[in-house]
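[1] sequence-free structure coming up:
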């Protein structure tokens, strides 16, 4: 259960981060290649192409990263021995 929740958290955080990076990459693309701004074309390019692609790639990457970390943590986890009671 812990692994599944961490994967979902990774998906959410990865999607948010990927969308932000996608917007940044889209704005850089628009400036670098002098994309036309006729009727908002450059804005639509950024928000309907780069942002969803960044969110998808970031979501998958974040889910995989968090999943691998959670699985490795589950393999390494060592149970502590219960504390011994001291007789008085």
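    Right, received. Where do you want to start? Just so it is clear, the model here is predicted, and its values are computed rather than measured.

[2] ok, for residue 19, nearest residue in space, not its chain neighbours?
    Excluding the flanking residues, the one nearest residue 19 by CB to CB, 6 or more residues apart in numbering is residue 55, at 4.0 Å. Using the backbone N, CA and C atoms, a C-beta is placed for each residue, glycine as well.

[3] tell me which element that neighbour falls in.
    For residue 55, the host element (DSSP states H and E) is helix 51-76.

[4] residues of that helix that come out buried?
    Using 16 or more other CB atoms under 10 Å as the test for burial, helix 51-76 gives 51, 54, 55, 57, 58, 59, 61, 62, 63, 66, 67, 70.

[5] Save those residues as JSON lines, and put in pLDDT and distance to residue 14 too.
    Converted to JSON lines, those look like this (pLDDT from 0 to 100; distance: CB to CB, whole Å):
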{"residue": "51", "pLDDT": "98", "distance to residue 14": "14"}
{"residue": "54", "pLDDT": "98", "distance to residue 14": "10"}
{"residue": "55", "pLDDT": "98", "distance to residue 14": "8"}
{"residue": "57", "pLDDT": "98", "distance to residue 14": "8"}
{"residue": "58", "pLDDT": "98", "distance to residue 14": "4"}
{"residue": "59", "pLDDT": "97", "distance to residue 14": "5"}
{"residue": "61", "pLDDT": "97", "distance to residue 14": "5"}
{"residue": "62", "pLDDT": "97", "distance to residue 14": "2"}
{"residue": "63", "pLDDT": "96", "distance to residue 14": "6"}
{"residue": "66", "pLDDT": "94", "distance to residue 14": "8"}
{"residue": "67", "pLDDT": "93", "distance to residue 14": "11"}
{"residue": "70", "pLDDT": "88", "distance to residue 14": "14"}
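
[6] can I get these in CSV with distance to residue 45?
    Shown next, in CSV, are the buried residues of helix 51-76 (distance: CB to CB, whole Å):
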residue, distance to residue 45
51, 10
54, 13
55, 15
57, 17
58, 19
59, 21
61, 23
62, 24
63, 27
66, 31
67, 32
70, 36
